[in-house]
Every structure is written in C-alpha cells, then in structure tokens.
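Engineer: Fold the stuff below for me.
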Amino acid sequence: MNRCQCTLLLMLVALSACAAPPRNAAPSDDGHADHSSPGVCDARKLSWSLGLVADDALIERARMEAGATSVRVLRPGMMVTNEVNPARLNLRIDNARKVLAYSCG
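Structural biologist: Below you'll find the model as predicted:
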C-alpha cells in the first residue's frame, strides 16, 4: 500500500468514529419514529396536559401515556441536573402547579 492509500485509509477510519450510532427506533406508518417500546418516553401525545394543574393523577396519567418509567416535576427556580434519561418524563410547572411544558430525557 502506498503512502496516499494509507493516508486515505486512516482518514476514513477517523471519520467513521464520528458517525452517529444507529437509532433503535424505526419509523412508523406516519413517518415518525416508533418509541412505543417499554421504558422509552414519547411525550408527543401530552398536549392535553398544558395549563392543567399537575396533581398526582395528572402526573401518573402523563407518565403512563408517554410510556415513561419515571417523572421529574420541574418547579420554577429548581436546580436541575443535565443527566439525560430517555425513560423519564419531565413536566415543567409554574408556581400554581400548572403544566407549562413537557419533554423526555
């Protein structure tokens, strides 16, 4: 192998290390990823919760509908870690406990 071929090979190996790992979620019929496997949060269906009071019943319903294994309720001014957990639902609430936003992670 000549020097040019070695350089090219090394560049390809280095670039392959930068490639994103394959996603486990396959697209469903509507073109969106299917996150319905157990323990993987999918918050796309939780728009009904916006503006409602985050009581125990709402939190549990949202967790179940998202398929999450846990819920983190984020209050104003609360310190939050940057730890990402794909099986966790995050509910951001205001001082009146009304849901402002939701996300997974």
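Engineer: Neighbours of residue 99, how many?
Structural biologist: When neighbours are counted by other C-beta atoms under 10 Å, residue 99 registers 21. For the C-beta atoms, the positions are set from N, CA and C on the backbone; glycine is no exception.
Engineer: Hmm, it is touching residue 93, no?
Structural biologist: Yes. If you go by C-beta atoms under 8 Å, residue 99 and residue 93 touch, sitting 5.7 Å apart.
Engineer: Quick check: neighbours shared by those two?
Structural biologist: Taking C-beta atoms under 8 Å, 6 or more residues apart in numbering as the contact definition, residue 99 and residue 93 share the neighbouring residues residue 54.
Engineer: what about the residue lying closest to residue 84 once chain neighbours are set aside, distance to residue 55?
Structural biologist: On the basis of C-beta to C-beta, 6 or more residues apart in numbering, the spatially nearest residue to residue 84 that is not a chain neighbour turns out to be residue 105, at 4.7 Å. Note on residue 105: its distance to residue 55, by C-beta to C-beta, to the nearest Å, is 23 Å.
Engineer: for residue 75, same thing?
Structural biologist: From residue 75 over to residue 55 (counting by C-beta to C-beta), the distance is 14 Å.
Engineer: Please work out which residues outside the helix or strand harbouring residue 61 touch it.
Structural biologist: Using DSSP states H and E, residue 61 sits within helix 56-66. Where contact means C-beta under 8 Å, 6+ apart, the residues beyond helix 56-66 that reach it are 41-43, 45-46, 49, 52, 70-71, 73, 89, 91, 99, 102, 104.
Engineer: Any buried residues in that helix, and which?
Structural biologist: Of the residues in helix 56-66, those with enough neighbours to count as buried (16 or more other C-beta atoms under 10 Å) are 58-59, 62-63, 65-66.
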